[in-house]
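# I need the structure of the sequence given here:
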Amino acid sequence: MNHSIAGCLEAIQLCYTPHPDGPQATTARLQVLYENIFPQEERSTISTNEYESSLKWKSRLIQLFEEMDTPVESIWEHIRQVEDKIIYKHLLLDLIKKLVSHNRIQESYTYIEQLPVLHIFKEEDQRFQGYRVLLKHYAELADAGHFFESLAKSEPVKERHVIDNCKSLLVTRTTETSGWEAGIALCNHKKIGNKYYLNALRPLTQTWDYEQMKRLFDEHP
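Residues are numbered from 1 along each chain as shown. This next block holds a predicted model:
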């Protein structure tokens, strides 16, 4: 295993489970790892203890995966070692996004199933967040059929603004790829709604002049 990747994994574990010799030993080890793994230009000029942030180590680990073009299977083997479920979830979601961005959709389902159940205020299965990655992907493709399939598994009642943004994107992209009539027709679907009419028409403002827009509204009041 690459020593920088191994160091990031060790640091994440230290942030989650402190060194058995106590907090001073934890801090000392994190400082050593930080100085060896973070280039000087990527170190904070404000925070003096950012090495204590597991999120900082998570971000560096993802960066290393990208820099080294680490295969998906190897990334998964590294992620499996992470005991902190929140960091594990973030790393796994990044892997899912990577797969989806390369149109490796079927593979993404395997890792969506590995998303954990977190207990913060109550137990919550995190697989819906993986399906939201697919939801945004299909919105960008203006693929309404697969969008609605993913929507059903995305727990749309949670964090409604995320779902609203995906619906807005789907309608906008539909107009851009298939015309404003298709965008408006999509708004009339029971799972979208007429509040997205503006998203269906907004792309026209980029290419239509005032007279064209006025004629459209006159003909379709």
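# and Arg128, what is it in contact with?
One correction, residue 128 is Phe, not Arg. Lys153, Ser154, Glu155, Lys158 (C-beta atoms under 8 Å, 6 or more residues apart in numbering). Any C-beta I mention is one placed from the backbone N, CA and C, and that applies to glycine too.
# surely it is within a helix?
Yes: assigned with DSSP: H, G, I helix; E, B strand; the rest coil, Phe128 falls within a helix.
# right, and Glu123 touches Val117 too?
Yes: counting by C-beta atoms under 8 Å, Val117 is a contact partner of Glu123 at 5.6 Å.
# quick one on the thing from earlier: of the contacts of Phe128, keep whichever come out buried.
For the contacts of Phe128, a burial check counting by 16 or more other C-beta atoms under 10 Å picks out Ser154, Glu155.
# could you identify the least confident member of the contacts of Phe128?
Checking pLDDT across these, the minimum falls on Lys158 at 90.
# pull the distance from stretch 62-73 to the chain's centre.
The chain centre lies 17 Å from the centre of stretch 62-73; the measure is C-alpha atoms, centre = their mean, to the nearest Å.
# and that stretch, how far apart are its ends?
Distance between the two ends of stretch 62-73: 14 Å, counting by C-alpha to C-alpha, to the nearest Å.
# and stretch 95-106, how far apart are its ends?
Start-to-end, stretch 95-106 (C-alpha to C-alpha) is 13 Å.
# that one - what's its average pLDDT?
Averaged across stretch 95-106, the pLDDT comes to 96.
# in TSV, list the contacts of Phe128 along with secondary structure.
Converted to TSV, the contacts of Phe128 look like this (three-state DSSP):
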residue	secondary structure
Lys153	coil
Ser154	coil
Glu155	coil
Lys158	coil
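# could you export the contacts of Phe128 as CSV, including distance to Ser47?
Shown next, in CSV, are the contacts of Phe128 (distance: C-beta to C-beta, whole Å):
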residue, distance to Ser47
Lys153, 38
Ser154, 35
Glu155, 35
Lys158, 32
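# quick check: Leu151 touching Ile163?
Yes: here Leu151 reaches Ile163: they are 7.4 Å apart, a contact under C-beta under 8 Å.
# so which of the contacts of Phe128 comes closest to Ile46?
Closest approach between those and Ile46, by C-beta to C-beta: Lys158, at 33.8 Å.
# give the contact list for the closest one.
Phe128.
# quick one: low-confidence ranges for the chain?
Along the chain, the parts satisfying pLDDT under 70 run over 1, 48, 219, 221.
# can you rerun that using 80?
1, 45-48, 120, 209-214, 216-221 (pLDDT under 80).
# longest helix of it?
Longest helix of the chain, by residue count under DSSP state H: helix 160-178.
# hmm, back to that, give me the common contacts of Leu151 and Ile163.
Common neighbours of Leu151 and Ile163 (criterion: C-beta under 8 Å, 6+ apart): Leu135.
# show me where this structure has its strands.
Assigned by DSSP state E, the chain shows strands spanning 117-119, 123-125.
# to Ile37, which of those strands lies closest?
Comparison of those against Ile37 by C-beta to C-beta identifies strand 117-119 as nearest, at 27.4 Å.
# what residues sit buried inside the closest one?
Buried, per 16+ other C-beta under 10 Å, within strand 117-119: nothing.
# what comes into contact with it?
Taking C-beta under 8 Å, 6+ apart as the rule, strand 117-119 contacts Lys85, Ile86, Lys89, Glu123, Glu124, Asp125, Gln126.
# export those as TSV, with columns for distance to Arg215 and neighbour count.
Listed next are the contacts of strand 117-119 as TSV, based on distance: C-beta to C-beta, whole Å; neighbours: other C-beta atoms under 10 Å:
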residue	distance to Arg215	neighbour count
Lys85	56	15
Ile86	54	16
Lys89	51	19
Glu123	55	8
Glu124	50	15
Asp125	50	11
Gln126	49	18
